[in-house]
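J.: Have a look at this prediction, sequence included:
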Amino acid sequence: MIDKDDNELVYEVIHGSTSSFEVLIDRYQKTIFNMMLRMVNDTETAKDLTQDLFVQAYEKLGGFNFRFRFFSWIYRMALNKAIDWNRKRKPTCRLELADSQLSDTPVSNDSEIRSNLLQVAVLRLNPKYRALVLLKYYCDLSYEEIQETTGVPLKKVRSRLFIAREMLRKELIVNGFFENE
């Protein structure tokens, strides 16, 4: 069953095979959780949102359009869920939390410091930019796959990624990210 492609598994789930859905969960749970974690910056919240997402996906699977890839469909749902969750929170609380975690966490080396600076800079991005950065650089999707996943036109994907990279570069320069190079 593991060798089946996603759409075959979705078809089987729609026709009553819960074990096929378990295969889909096994394939994508870690990726979805990691994206959620980077979007919300809280492990327990990311776990809860990931679990809620798979329940929601199971309930909505009957409306799945087989012209699209399952990964794009569920990833888009995950992005929307994370963005909605972030909208409901006060952004200053999330950023203050990230900054306090950065300053309170004992760091053992320069690469950890740089990793933390990058993580905070990504968290500071507007969600529409952050989602694209995560898809491109953490999930290694092509521009076309990002377009398919988000529904954002290809030109806008490229443009927003350019803007996001510039915003990250400026933020990282201000915070001394490049000083030891």
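T.: Done, it's in.
J.: where do the strands sit along this protein?
T.: Counting by DSSP state E, the chain yields no residue ranges for strands.
J.: Grab the most central residue of it for me.
T.: Closest to where the C-alpha atoms of the chain average out (CA atoms, centre = their mean) is residue 35, at 2.8 Å.
J.: How about the contacts made by residue 24?
T.: Residue 24 is in contact with 6, 9-10, 13, 70, 74, counting by CB atoms under 8 Å, 6 or more residues apart in numbering. Quick note: C-beta positions are derived from backbone N, CA and C, even for glycine.
J.: 6 Å instead?
T.: Going by CB atoms under 6 Å, 6 or more residues apart in numbering, residue 24 touches residue 9.
J.: mind checking how far it is from residue 72?
T.: The gap separating residue 24 from residue 72 is 13 Å, by CB to CB, to the nearest Å.
J.: got it, and residue 174?
T.: When distances are taken as CB to CB, residue 174 and residue 72 turn out to be 35 Å apart.
J.: hey, where'd the helices end up in this protein?
T.: Counting by DSSP state H, the chain has these helices, from start to end: 6-14, 18-40, 43-60, 70-88, 91-104, 110-124, 127-133, 143-150, 154-174.
J.: would you list the ones you listed in TSV and tack on mean pLDDT?
T.: Formatted as TSV, the entries for the helices of the chain read as follows, by pLDDT from 0 to 100:
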stretch	mean pLDDT
helix 6-14	93
helix 18-40	91
helix 43-60	95
helix 70-88	87
helix 91-104	46
helix 110-124	80
helix 127-133	88
helix 143-150	87
helix 154-174	92
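J.: Could you chop this protein up by domain?
T.: With automatic domain parsing serving as the domain definition, the record reports that the chain contains domains spanning 1-89, 90-176.
J.: Now do the last one: distance to the chain's middle.
T.: On the basis of CA atoms, centre = their mean, to the nearest Å, domain 90-176 is displaced by 10 Å from the centre of the chain it belongs to.
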